[in-house]
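Student: please find the sequence and the predicted model below.
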4 protein chains.
Amino acid sequence: MSAPTENPAEVDRQNPEAEITARAEAFRNWGRWGEDDVLGTLNFIDPAARVAAAALVREGRVISLAQSFDTNGPQKGWRRRTNPVHTMTDTGVDAERGNQGFPHGIGGADDVISMPLQCSTQWDGLGHIFDHGMAWNGRRAGDVVTSEGDLVTGIEHAASVIVSRGVLLDVGRFLQPETAELPDGYAITVADLEGCAAAQSVAIGRGDIVLVRTGQLARARRDGWGDYAGGPAPGLSLTTAGWLHRTEIAAIATDTWGFEVRPNEFDVPAFQPLHQVVIPNLGLTIGEMWDLEELGSAAADTGRYDFLLSAAPLPITGAVGSPINPVAIL
Amino acid sequence: MSAPTENPAEVDRQNPEAEITARAEAFRNWGRWGEDDVLGTLNFIDPAARVAAAALVREGRVISLAQSFDTNGPQKGWRRRTNPVHTMTDTGVDAERGNQGFPHGIGGADDVISMPLQCSTQWDGLGHIFDHGMAWNGRRAGDVVTSEGDLVTGIEHAASVIVSRGVLLDVGRFLQPETAELPDGYAITVADLEGCAAAQSVAIGRGDIVLVRTGQLARARRDGWGDYAGGPAPGLSLTTAGWLHRTEIAAIATDTWGFEVRPNEFDVPAFQPLHQVVIPNLGLTIGEMWDLEELGSAAADTGRYDFLLSAAPLPITGAVGSPINPVAIL
Amino acid sequence: MSAPTENPAEVDRQNPEAEITARAEAFRNWGRWGEDDVLGTLNFIDPAARVAAAALVREGRVISLAQSFDTNGPQKGWRRRTNPVHTMTDTGVDAERGNQGFPHGIGGADDVISMPLQCSTQWDGLGHIFDHGMAWNGRRAGDVVTSEGDLVTGIEHAASVIVSRGVLLDVGRFLQPETAELPDGYAITVADLEGCAAAQSVAIGRGDIVLVRTGQLARARRDGWGDYAGGPAPGLSLTTAGWLHRTEIAAIATDTWGFEVRPNEFDVPAFQPLHQVVIPNLGLTIGEMWDLEELGSAAADTGRYDFLLSAAPLPITGAVGSPINPVAIL
Amino acid sequence: MSAPTENPAEVDRQNPEAEITARAEAFRNWGRWGEDDVLGTLNFIDPAARVAAAALVREGRVISLAQSFDTNGPQKGWRRRTNPVHTMTDTGVDAERGNQGFPHGIGGADDVISMPLQCSTQWDGLGHIFDHGMAWNGRRAGDVVTSEGDLVTGIEHAASVIVSRGVLLDVGRFLQPETAELPDGYAITVADLEGCAAAQSVAIGRGDIVLVRTGQLARARRDGWGDYAGGPAPGLSLTTAGWLHRTEIAAIATDTWGFEVRPNEFDVPAFQPLHQVVIPNLGLTIGEMWDLEELGSAAADTGRYDFLLSAAPLPITGAVGSPINPVAIL
């Protein structure tokens, strides 16, 4: 069997199932880290990689890669994904007025939140996507994620893992030097990723966390959210699955809602085919809705595209995703 | 006026208001970083400190300092502080059964959470506590935190700030070598903090984030939560306010619910007097309910008590606290 | 002082404050039911009225007047008013698969909801609206509704009260016999209300609960929600305040988001002026977003416009509103 | 096959599965109202019954049968069933202080709630319980209740149905005239139900909604919630299944957490066996956690045990239960 094509023009646009299956089979990592594995490609991060990444900290600058968590976000309710609702249980107004009943002049404010775990900047956990009823490492989906949550590969397992070298691939600036924004529907290819890395003089390797900036977020901020959540977007082509596999990266994130190109690269109904290949089959952790604007500008200024990335999820037991505030430490 | 005593035995246990006010006035940092400041002592973190802290990464080991976020937590509903409620909007069971209506064999799981922002491991934001109706930097509490949230000092302002040198003070092991646990109600003094640092051969200085391990969490895990949330606990004495001020630390966290000793050091009704001094007056960011067990063991093994600490909050707009997964990178 | 005009053309469109104040002062019921009153005009319902209303039950037919509670509702997030988010904590899929761990073949499904109390069909409680810092019965707003909720007039006080004679005024059909829908922005006048009642041969009196059908909901169902939540709508004119007072009705509800006409009847910024008059000053309980479609059709068929109305709120302690399923029993 | 015993002493306490199955098979109503039925025994309510019930309204008195919805409720987190969390998004304190930015002196308060649908007074929907993977009317559980909710028998279908004659059986007063409280663990038998009805001189028949008062709620209010949620309680014996079937009642409710006696009547692990018989097999709608205290007192005073009961659920689309405020109209 020949390797699946990395040329989007050669994809059979009538047959998502075959295209997905070919890549799932070619790049499947099931068993690679043992039967009990719950981390997938996060296993590629090793202590030495972290020590080396820490040596990249030269300016002492921290850039948050998170979007805001509030009701002004892009969510529109699809599959009950709303924006976060943050409410106060005590306020300064009450404290100042003396309504709180505390002694010696102390007052307090407190708050609660209700939110989908994937409403804003987030990691997809390994239990987020299934391929024909199968979850990461060859487990049956119904054995892994029930109404009680992800009983096996919950995001809490990554709580002390996701710190590594981060590498920004600013594909937006690379391909569109004038606007620094890829158009919606643009499918980023292996050639784009490799060309961008070469142009940036940065190598990508085992254990890295790759951040692909498309520039779509800049556009959404300028023009309004529109269909940022679920609509057309630039993103990775299905044909990058092999690159995601052979580079042995630990994780990847983009500044878009859905990581992969939308509409997807088929003429028949399809939905997130690259997710279907890489999450349950490769065991790849994917980040979405990251804010790579400030980081992109900083990298364009300094010419430095790698840094220490600290992006551990909240250990929400059994979650299939986590809101995060990833920080690039330069 | 002489400096407030650092000897707990000299505190006037009948007069919390006077003891609080003396320290608030002595250690107030209002205006120190300008009228518009929203960060308080986090300003002590400077880029050079971060570069130096990154150099502490020698093993490439990451230790999560977060407790679990789930319904098995310690909260009992006080002031509507419940444990997190995590529910699934899609599951692997549905995916495996073919209930989801997606094409080409893809299936998904998704989830939502409802939780108080201070239900588990967290940072208190600067808008969390007021002193006589005043918030950090001399603002009126009612101008800062309304029902819409913290309009001025919301936790989002710290999103790209809280990465610095972390220093563990394992006061539990220092004072109780046999059990490594301080008893409930034990008030940690300046002498204890300084003695512990000396015994650990670690210096504490400007911009550091100090983690004080009492061992109470280990006890709660062994014996059950009991009154971990709001009941008796070891913690910092009110008399440490001067030390918290003069060391110019950026932030401090403990493994307890409430940071300071409980019951508080008064014979009349009192509530979190050290909070009242340090949050609105010093502008000190406080962490609570951190899990310092693995870190304490690691430090006891290696003798190394400082590390790179990455603990940026989720940028929840207007929040007065944030759930976090702080990581020590050793 | 002459009575405020009931002719919308005579309203001073430059001066909402004066127009509101005139009506607030003219129709204020403060003290009418004693200093401790928490019910306002609901006091007009008396036992005899209920017995008489029960005698209106002739068909044994029940018509629900509630809209659906789900994510397909009209809310768009204004002031954090979202549609309800309903999630399952256990499902039949899990039960069928045997994931639940219960004995002897029993399985279960369970669910949770997060929602604004005024997201769909609801009652406004008396603590929902204030007039110059004052709440119903002349209390200071800050003494009544704090971050802990409505400490005085919470909706729970109406839990055993709101059952009375209901009267439908189908103003949509009365004024627009062809479409049965009033246009957005149409201000319903006292003349309209009285003309409609006369045309329907129904009298309105003390203790009645009046339901005003505009037909806007029918339009929203046909054309999409659009700006149903907060946008232009037919509704009561500010000039109906006197009628609402002198009829001594117990409560009133409409099929619109906001009860009163929108845009409001001023050429300068204004917001819900009739609310400001009737909730804190008259003590009138207002219902919004009721579904009066089936009831309107039934009444048009039978010529009967009064019925037993059972619409007690959920006793959510301290709530300033309640989701309800009002039922007309014919 | 003989009918299942109605004598609890004859139940095989080693064999819940057989005892359940015998009753499920004997009393199964599948198909009785057609293949598409979504109402079960609620079909027994007919218009004439409602007209007759309305004639029972003689005093014009309304008694709410709901417990409070707040954080002081009995829930302790079992299967993520917490007490309701009600928070304010706007308050009177803000309004009074002028924080809200509205024109002409109007101010507002608004609120949100997060709650399990069965946290307090509620109806169990027909999708709440399954028997060996089967739901009401012989449907597969996984076809009915998925992560999206109850796609077939959601509680919204009952929104215009549950108004009928209510009959109180005050078994607590009947069996324990001194205390009016049954002890925890007491299994109410058919003989008890029939004896109580006879003593009260009230007949029970087709379409009635029966309310069984045990008095446990009075005890919980006096002594604290303790294990009210899920612990030992008086309740219906499994052996009442036949009575529930042959009386052709429309629905039944109790003042306890779980409707049936707890611990259940077996010496081996068992869980809510009567639920397993009556919800999926009979199609019986069950109410729990009703407050029957005031109604019990009123009935004891007047000797009248029947009334018009209005207890329509909130039409939460796809819900398997609903919080309610049932009202008895006397």
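Tutor: Thanks, I have it. Numbers count the residues shown, from 1 in each chain, chains lettered A, B, ... in the order given.

Student: can you give me phi and psi for the residue nearest the centre of chain A?
Tutor: Centroid-nearest residue in chain A, with C-alpha atoms, centre = their mean: residue A:287, separated by 0.7 Å. Dihedral pair for residue A:287: phi -110, psi 140, per degrees, to the nearest 10.

Student: what residues are bridge-paired with it?
Tutor: Here residue A:287 sits in beta bridges with residue A:123, residue A:253, as judged by DSSP bridges.

Student: right, and it touches residue A:254 too?
Tutor: Yes: contact criterion C-beta atoms under 8 Å: residue A:287 and residue A:254 qualify, at 7.3 Å. Where you see a C-beta, it was placed from the backbone N, CA and C, and this is true even at glycine.

Student: for chain B, see how far away the residue nearest to the centre of chain A is.
Tutor: Taking C-beta to the nearest C-beta, to the nearest Å as the criterion, residue A:287 is separated from chain B by 14 Å.

Student: please enumerate the shared neighbours of residue A:287 and residue A:254.
Tutor: By the contact definition C-beta atoms under 8 Å, 6 or more residues apart in numbering or on different chains, residue A:287 and residue A:254 are jointly contacted by residue A:211.

Student: quick one, grab the pLDDT at the one residue in chain A that gets nearest to chain D.
Tutor: Closest contact between chain A and chain D, by C-beta to the nearest C-beta, is at residue A:87 (4.1 Å). For residue A:87, the pLDDT comes out at 97.

Student: wait, is it part of a strand?
Tutor: Yes: under DSSP: H, G, I helix; E, B strand; the rest coil, residue A:87 sits within a strand.

Student: for it, grab the count of nearby residues.
Tutor: 25 (other C-beta atoms under 10 Å in any protein chain shown).

Student: now residue A:26. Nearest residue, chain neighbours left out?
Tutor: Nearest residue to residue A:26 in three dimensions, chain neighbours excluded: residue A:4, at 5.7 Å (C-beta to C-beta, 6 or more residues apart in numbering or on different chains).

Student: tell me the contacts of the one you found?
Tutor: With contact taken as C-beta under 8 Å, 6+ apart, residue A:4 is in contact with A:19, A:22, A:23, A:26, A:239, A:241, A:242.

Student: same question for residue A:132.
Tutor: Contacts of residue A:132 by C-beta under 8 Å, 6+ apart are B:105, B:107.

Student: hmm, back to that, most neighbours among the contacts of residue A:4, which one?
Tutor: residue A:241 (29 neighbours).

Student: show the contacting residues for the closest residue to residue A:145 other than its chain neighbours.
Tutor: Distances taken as C-beta to C-beta, 6+ apart place residue B:92 nearest to residue A:145, at 3.4 Å, with adjacent residues excluded. Contact analysis of residue B:92 by C-beta under 8 Å, 6+ apart lists A:127, A:130, A:135, A:140-146, A:150, B:107, B:109.

Student: re earlier: could you dump the contacts of residue A:4 into a markdown table with secondary structure, pLDDT and distance to residue C:158 added?
Tutor: Formatted as a markdown table, the contacts of residue A:4 follow (DSSP: H, G, I helix; E, B strand; the rest coil; pLDDT from 0 to 100; distance: C-beta to C-beta, whole Å):
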| residue | secondary structure | pLDDT | distance to residue C:158 |
| --- | --- | --- | --- |
| A:19 | helix | 98 | 61 |
| A:22 | helix | 98 | 64 |
| A:23 | helix | 98 | 61 |
| A:26 | helix | 98 | 65 |
| A:239 | helix | 98 | 63 |
| A:241 | helix | 98 | 60 |
| A:242 | helix | 98 | 65 |
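
Student: between the residues you listed, which is nearest chain B?
Tutor: Nearest to chain B out of these is residue A:19 (C-beta to the nearest C-beta; 8.9 Å).

Student: can you give me the helices in chain A?
Tutor: Assigned by DSSP state H, the helices in chain A fall at A:16-27, A:47-54, A:92-97, A:141-144, A:171-175, A:190-199, A:216-223, A:241-246, A:273-277, A:293-302.

Student: just so I know, which of these lies nearest residue C:37?
Tutor: Residue C:37 sits nearest to helix A:92-97 of all those, at 23.7 Å, using C-beta to C-beta.

Student: look at residue A:77 and report its pLDDT.
Tutor: Confidence score, pLDDT, at residue A:77: 86.

Student: please read the previous query as pertaining to residue A:1.
Tutor: 56.

Student: same check, this time on residue A:322
Tutor: For residue A:322, the model assigns a pLDDT of 98.

Student: OK, contacts around residue A:41?
Tutor: A:29, A:248, A:249, A:250, A:251, A:282, A:283, A:284, A:285.

Student: nearest spatial neighbour of the fifth one, skipping sequence neighbours?
Tutor: To tie it back to what came earlier, the one meant is residue A:251. residue A:285 (4.1 Å).

Student: does the one you found touch residue A:126 like I think?
Tutor: Yes: with contact defined as C-beta under 8 Å, residue A:285 counts as touching residue A:126 (7.0 Å).

Student: common neighbours of these two, please.
Tutor: In contact with both residue A:285 and residue A:126: residue A:40, using C-beta under 8 Å, 6+ apart.

Student: out of the two, which sits in the busier spot?
Tutor: More neighbours surround residue A:126 than the other of residue A:285 and residue A:126, with 33 against 28 (other C-beta under 10 Å).

Student: mind listing the residues bridging to the nearest residue to residue A:254 once chain neighbours are set aside?
Tutor: Nearest non-adjacent residue to residue A:254, counting by C-beta to C-beta, 6+ apart: residue A:212, 4.8 Å away. Here residue A:212 sits in beta bridges with residue A:169, residue A:254, as judged by DSSP bridges.

Student: who are the neighbours in contact with residue A:212?
Tutor: By C-beta under 8 Å, 6+ apart, the neighbours of residue A:212 are A:169, A:171, A:188, A:193, A:236, A:252, A:253, A:254, A:255.
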